[in-house]
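Engineer: Need coordinates for the below:
(2 chains)
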Amino acid sequence: MASAQRYDETLHTVRYGLKGILLFVLPLPLLITVIASLLRGRVMDTLVTGGVFAAYMIAASIARQGFKLQGEYERSKLARAPSTPYKTIAALFIGGASTVLDWWTSSFAIGSLLGAALVGAAAFLGFALYYGLDPRKDKTGTLSLGVSLEEVLDALKAANVKIDAIDAARRNIHNPEFNARLQRITDKARAIVSGIEDDPARLDSARKFLKVYLDGTQRVTEGYARTHQGPATPAALETNFSRVLDSIEQTFTEQQTKLQENNQFDLDVQMQVLETQLKREGVI
Amino acid sequence: MAHTLKKIVGFVLLFVTIGVVSLSSILHLLPPIL
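Structural biologist: This next block holds a predicted model:
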């Protein structure tokens, strides 16, 4: 039996939190030089070493932005390569700062410029080998003709926004039964979205699902959550909501099963049934 | 194996360039202090 592990956000945050810390720690001795130059009243030395120290810190911050983007890129099955090459910019900053610092230790002697440039190049290379540079290729997965990556990413982003909104509304619903059912619904929705990531060709047939189903579920859940915060929830509303949840959950399950078993995404018949019901309940 | 080696070389280069050059910058100020 496959044991799928739930994504642990805390674990990821901790791992990301430590990545790149070396870039903040290694230049710390330079801070002593900056302070010593300042205390000795050496304006030029203070400006140079302070500037280099600032450049190292800026580079470390830029690099961390790059690590974050790369993490997101690696977690997604479909993704655009980061548009800004943060890691490369950070590596260039570090290379430049190391060149200037090394040249400064040689009192800016022209004969030492080449050596300093080599130190800078070595720093750039060190960064590239240890952290790697930015991903440059879009992850297109098994993208088929007729569906553009942009289209798939937009649709998946919109779907994830809706699923997150349903989750947010769910947290305001204190009825344990409804809460558990909504949790199952959003889990299934995420599985369906993940299925589209695996095979973007399914997007065409799933488009209506992503739009009507998730829209309907979001509206009915948010509406119920708003009413639920009042002093008392009318019994009729509870019944209606329960009935709508039944239909949504059942249809989501059927579609998820179809996706797994037949590799198909034929939603039309189920869609019409649910659409009619959502209209009857006044949700859409 | 190649990945580990790449990481080690990368770490050593970063350590030597940023770390050692930063440390030696203190020494650059030392003679006038002493």
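Engineer: Identify the residues contacting A:Ala60.
Structural biologist: A:Gly20, A:Leu23, A:Phe24, A:Ala90 (CB atoms under 8 Å, 6 or more residues apart in numbering or on different chains). (Each C-beta comes from the backbone N, C-alpha and C, glycine too.)
Engineer: Out of those residues, list just those in helices.
Structural biologist: The members of these that map onto helices under DSSP state H are A:Leu23, A:Phe24, A:Ala90.
Engineer: check contacts around the last one.
Structural biologist: Applying CB under 8 Å, 6+ apart, we find A:Ala90 in contact with A:Leu23, A:Ala59, A:Ala60, A:Ile62, A:Ala63, A:Gly66, A:Phe127.
Engineer: TSV for these, including secondary structure and pLDDT?
Structural biologist: Below are these laid out as TSV (DSSP: H, G, I helix; E, B strand; the rest coil; pLDDT from 0 to 100):
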residue	secondary structure	pLDDT
A:Leu23	helix	95
A:Ala59	helix	97
A:Ala60	helix	96
A:Ile62	helix	96
A:Ala63	helix	96
A:Gly66	helix	94
A:Phe127	helix	97
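Engineer: ok, so of those, who is nearest A:Thr276?
Structural biologist: A:Gly66 (49.3 Å; CB to CB).
Engineer: you'd agree that closest one is up against A:Tyr73?
Structural biologist: No: using CB atoms under 8 Å, A:Gly66 is not in contact with A:Tyr73; the gap is 10.2 Å.
Engineer: So if I had to pick from the two, which one is more boxed in?
Structural biologist: Legend: neighbour count by other CB atoms under 10 Å in any protein chain shown for A:Gly66 and A:Tyr73, higher for A:Gly66 (25 against 17).
Engineer: Quick check: the gap between the more buried one and A:Gln255.
Structural biologist: Counting by CB to CB, to the nearest Å, the gap from A:Gly66 to A:Gln255 is 38 Å.
Engineer: same thing with B:Leu14?
Structural biologist: In terms of CB to CB, B:Leu14 sits 50 Å off from A:Gln255.
Engineer: could you pull out the helices for chain A?
Structural biologist: All helices of chain A, identified by DSSP H, fall at A:9-18, A:21-25, A:28-39, A:43-75, A:86-105, A:113-130, A:149-170, A:176-198, A:203-208, A:214-228, A:235-261, A:268-280.
Engineer: what distance separates the shortest one from the centre of its chain?
Structural biologist: Meaning helix A:21-25. Offset of helix A:21-25 from its chain centre (CA atoms, centre = their mean, to the nearest Å): 24 Å.
Engineer: can you count the residues close to A:Glu150?
Structural biologist: Applying other CB under 10 Å, we find 10 residues neighbouring A:Glu150.
Engineer: Spatially nearest residue to the residue most central in space within chain B (excluding sequence neighbours)?
Structural biologist: Residue closest to the mean C-alpha point of chain B, counted by CA atoms, centre = their mean, is B:Val16 at 2.4 Å. Excluding its sequence neighbours, the residue lying closest to B:Val16 (CB to CB, 6 or more residues apart in numbering or on different chains) is A:Ala122, at 7.2 Å.
Engineer: give the contact list for the residue most central in space within chain A.
Structural biologist: Computing the C-alpha centroid of chain A and ranking residues by CA atoms, centre = their mean puts A:Glu72 first, at 4.5 Å. A:Glu72 makes contacts with A:Ala79, as judged by CB under 8 Å, 6+ apart.
Engineer: Pull up the gap between A:Leu133 and chain B, please.
Structural biologist: 11 Å (CB to the nearest CB, to the nearest Å).
Engineer: That residue contacts A:Leu92, doesn't it?
Structural biologist: No: using CB under 8 Å, A:Leu133 is not in contact with A:Leu92, being 10.3 Å away.
Engineer: thinking again about what came up before, would TSV of the helices of chain A with distance to B:Lys6 be doable?
Structural biologist: Below are those laid out as TSV (distance: least, CB to CB, whole Å):
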stretch	distance to B:Lys6
helix A:9-18	20
helix A:21-25	16
helix A:28-39	26
helix A:43-75	16
helix A:86-105	15
helix A:113-130	5
helix A:149-170	30
helix A:176-198	30
helix A:203-208	38
helix A:214-228	44
helix A:235-261	39
helix A:268-280	51
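Engineer: Relative to B:Ser24, which of these is closest?
Structural biologist: Closest approach to B:Ser24 among the helices of chain A (CB to CB): helix A:86-105, 5.7 Å.
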